[in-house]
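Colleague: the amino acid sequence is not available; the structure is as follows:
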Ligand code: FE
């Protein structure tokens with residue numbers, strides 16, 4: 001039987017949790033972001049840019065923001081994020097670089113992508129491809145998904161832990177945790 005005194009003694013053996021120090025930490029820390037296939041449409045040498053929105057684009061706008069963190073929740077400055085996704089008709093640009101671009105996290109490990117809402121295409125739920133690479137580290141290839149999409153359950157690659165949190169219409173949030 002565990003007595004109250006024994007519980008207190010056990011608690012004293014644990015290091016002080018960051019929460020106890022009054023710091024807020026993203027929930028994803030400690031769990032490395034799941035890898036997924038890059039699929040058939042990745043291209044190297046994407047332009048460096050924060051916005052992928054084409055001039056005159058009529059599609060719904062989407063921003064995706066978040067941080068790149070180490071497993072111990074350290075924000076990683078200068079991490080590379082290379083994004084690519086389908087256009088509003090579900091097509092990838094395999095000739096040029098529409099809806100493809102890379103950027104680097106700021107001093108707080110933050111990124112901000114401005115783009116459009118990608119369309120679904122046959123066999124796939126709505127998603128965004130990304131490669132994340134901390135400075136001097138390994139590349140993590142994965143995909144981000146949207147909440148409450150009927151197609152999610154029919155997509156064999158879909159996984160709930162890669163769903164963005166929507167903090168408003170067209171405002172996705174996702175923190176990457178890299179090994
Ligand atoms: Fe895709």
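Modeller: Cool, the structure landed. What you see is a predicted model, and the numbers here were worked out from it, not measured in a lab. Residues are numbered from 1 along each chain as shown.

Colleague: straight-line length of stretch 106-121, end to end?
Modeller: Terminal residues of stretch 106-121 lie 33 Å apart, using C-alpha to C-alpha, to the nearest Å.

Colleague: same question for it, mean pLDDT?
Modeller: Regarding stretch 106-121, the rounded mean pLDDT is 98.

Colleague: that one: how far from the chain's middle?
Modeller: 8 Å (C-alpha atoms, centre = their mean, to the nearest Å).

Colleague: same check, this time on stretch 163-174
Modeller: 10 Å.

Colleague: any idea how far apart the tips of that stretch sit?
Modeller: The first and last residues of stretch 163-174 sit 8 Å apart, counting by C-alpha to C-alpha.

Colleague: likewise stretch 147-167?
Modeller: 11 Å.

Colleague: give me the phi and psi for residue 132.
Modeller: Main-chain dihedrals, residue 132, degrees, to the nearest 10: phi -120, psi 130.

Colleague: isn't residue 111 right up against residue 69?
Modeller: No - with contact defined as C-beta atoms under 8 Å, residue 111 does not count as touching residue 69 (11.5 Å). C-beta: built from backbone N, CA, C; applies to glycine.

Colleague: any idea how far residue 102 is from residue 29?
Modeller: Relative to residue 102, residue 29 is positioned 24 Å away (C-beta to C-beta, to the nearest Å).

Colleague: average pLDDT across stretch 148-166?
Modeller: The pLDDT scores in stretch 148-166 average 97.

Colleague: and it, how far apart are its ends?
Modeller: For stretch 148-166, the first-to-last residue distance is 10 Å (C-alpha to C-alpha).

Colleague: in it, what's buried?
Modeller: By neighbour count on 16 or more other C-beta atoms under 10 Å, the buried set for stretch 148-166 is 149, 151-152, 155, 158, 162-164.

Colleague: contacts for stretch 93-106?
Modeller: Here stretch 93-106 makes contact (C-beta atoms under 8 Å, 6 or more residues apart in numbering) with 41, 43, 46-52, 54, 67-68, 75-87, 92, 111-113, 115-116, 118.

Colleague: could you pick out the buried ones from these?
Modeller: 46, 52, 67-68, 75-76, 79-87, 92, 111, 113, 115-116, 118.

Colleague: give me the subset of the residues you listed lying in strands.
Modeller: Among those, DSSP state E puts 67-68, 80-84, 111, 113, 115-116 in strands.
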